[in-house]
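In: Just the structure for this:
(2 chains)
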2 protein chains.
Amino acid sequence: MPLENFYETYFPFWSVLADADKQLLCENTAEKHFDRSQPVHDNMGCTGLFIVRSGRLRLYMLSEDGKEITLYRLSPGDICMLSASCVLQSVTFDVYVDAEEESDCYHISAAAFGDVSNRYLEVKNYALETAVSRFSDVMWIMQQIVFMSMDKRLAIFLLEETRANGTDSVNMTHETIARHLGTAREVITRMLKHLAADGVIEVTRKGILIADKKKLRSIAY
Amino acid sequence: MPLENFYETYFPFWSVLADADKQLLCENTAEKHFDRSQPVHDNMGCTGLFIVRSGRLRLYMLSEDGKEITLYRLSPGDICMLSASCVLQSVTFDVYVDAEEESDCYHISAAAFGDVSNRYLEVKNYALETAVSRFSDVMWIMQQIVFMSMDKRLAIFLLEETRANGTDSVNMTHETIARHLGTAREVITRMLKHLAADGVIEVTRKGILIADKKKLRSIAY
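Out: Residues are numbered from 1 along each chain as shown, chains lettered A, B, ... in the order given. Below is the predicted model:
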């Protein structure tokens, strides 16, 4: 599909733009490919917007000593707005983005999008609305971190992973799961052992198989 | 000052409103007084907007078992937008608001503001922009919770409190400080003892006196 046709259905504001501005956004869009684990955006500067076409991006916070917390993931059709914080002047915190899987994205330059968003209230609105809707995701993560025990958080994580990948298994190392949840690998390994002993999961060489989803749900919610 | 004059300088979108809509907002504004600790908004429904005229409001999350985390405070001139989550459809999380001090506010009904914001992009923009700017405050709290040790968080809390109240002391019980930081009173009492032993603070009957601000800052940052 030509880019302009894609944007026409993708952006709710497209029809209000002048032809020159449609062209401006199209001309400042590039197709970008990211390998698995490749950085997409760090806290330096304003990288621009990314629309995920295939694969999956991960947004996270990073502490000075390298600790991470995954805030949310972007799937095909999602747009990454926080990597263009210069467009949203009211966003003053740093996030990092990397490709969790091999991913293809459209990249729109921050300058072009910022220019258009400064001239159309509809575009500014779209950018803010997108950012605010992610606010809710982040609050949910925060609520988990602050109020929930790690076993509850692990159960929620496993359920959300299987929901996202459409299978009954989570093929990640304990190290990776620990990084997502901002804890140590040993903590995750110990908890998974407990869950396996209770027959909730099976730990296989490839990863984790959910054996008793009902029981896992009762831990999570 | 008559309400309309206040709104004219307060709201950046005021001049674009039709006279009937200006009137609508003014007619749906009420002066509300809150006693210290009085609830302003809970997670039930859409309470409306509050503009703080005097005093201080506190926004917080609440867990099922009554644990709290203070997200941010609203001082005179600030507006509370998250208590009108029905205006911002993309906000799907619950916050609680109470008066931290005796406070006077203007209250605007959610229905009236929502109606106007649906008809003026400028108003919708203002509401979203306000919400997004608070997103940054929340991320800062989250960063502290996830990445910082409790002694660092306590130091930051004491410094921010003295900055907010313009003195060198924090007149709160250990219980109250613990509630703000989402921990147990015992943890705070133990840490304050350590800080007192190091000469950083003095624990008096009225509260906590910062004795060595430089040292406290070196713990915090």
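
In: quick one: buried residues of stretch A:120-135?
Out: A:120-132, A:134-135 (16 or more other CB atoms under 10 Å in any protein chain shown). Every residue, glycine included, has its C-beta placed from N, CA and C.

In: And the residues you listed, which is closest to residue A:57?
Out: For the buried residues of stretch A:120-135, the closest approach to residue A:57 (CB to CB) belongs to residue A:134, at 12.5 Å.

In: Check the secondary structure at that closest one for me.
Out: At residue A:134, secondary structure determined by DSSP: H, G, I helix; E, B strand; the rest coil is helix.

In: For residue A:118, grab the count of nearby residues.
Out: Neighbours of residue A:118 under the rule other CB atoms under 10 Å in any protein chain shown: 11.

In: With residue A:83 instead?
Out: Neighbour tally, residue A:83, other CB under 10 Å: 25.

In: Give the full set of residues in contact with residue A:108.
Out: Going by CB atoms under 8 Å, 6 or more residues apart in numbering or on different chains, residue A:108 touches A:25, A:28-29, A:48-51.

In: filter those residues down to the ones near chain B?
Out: Among the contacts of residue A:108, proximity to chain B is found for none (CB under 8 Å from any CB of the partner chain).

In: Can I get those in CSV including pLDDT, neighbour count and secondary structure?
Out: As requested, those are exported to CSV (pLDDT from 0 to 100; neighbours: other CB atoms under 10 Å in any protein chain shown; DSSP: H, G, I helix; E, B strand; the rest coil):
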residue, pLDDT, neighbour count, secondary structure
A:25, 97, 22, helix
A:28, 97, 17, coil
A:29, 97, 21, strand
A:48, 91, 23, coil
A:49, 94, 25, strand
A:50, 96, 25, strand
A:51, 97, 20, strand
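
In: What is the nearest of those to residue A:73?
Out: Using CB to CB, residue A:50 comes nearest to residue A:73 of the contacts of residue A:108, at 12.7 Å.

In: Beta-bridge partners for the closest residue to residue A:106 other than its chain neighbours, please?
Out: Nearest residue to residue A:106, sequence neighbours excluded (CB to CB, 6 or more residues apart in numbering or on different chains): residue A:51, at 4.4 Å. Each beta-bridge partner of residue A:51 is listed here, defined by DSSP bridges: residue A:79, residue A:106.

In: Hmm, residue A:51 is touching residue A:105, no?
Out: Yes - Residue A:51 lies in contact with residue A:105 (CB atoms under 8 Å); the separation is 6.1 Å.

In: So residue A:82 is in contact with residue A:57, correct?
Out: No - look at residue A:82 against residue A:57 with CB under 8 Å: they stay out of range, at 11.0 Å.

In: Quick check: neighbours shared by these two?
Out: By CB under 8 Å, 6+ apart, residue A:82 and residue A:57 have these common neighbours: residue A:97.
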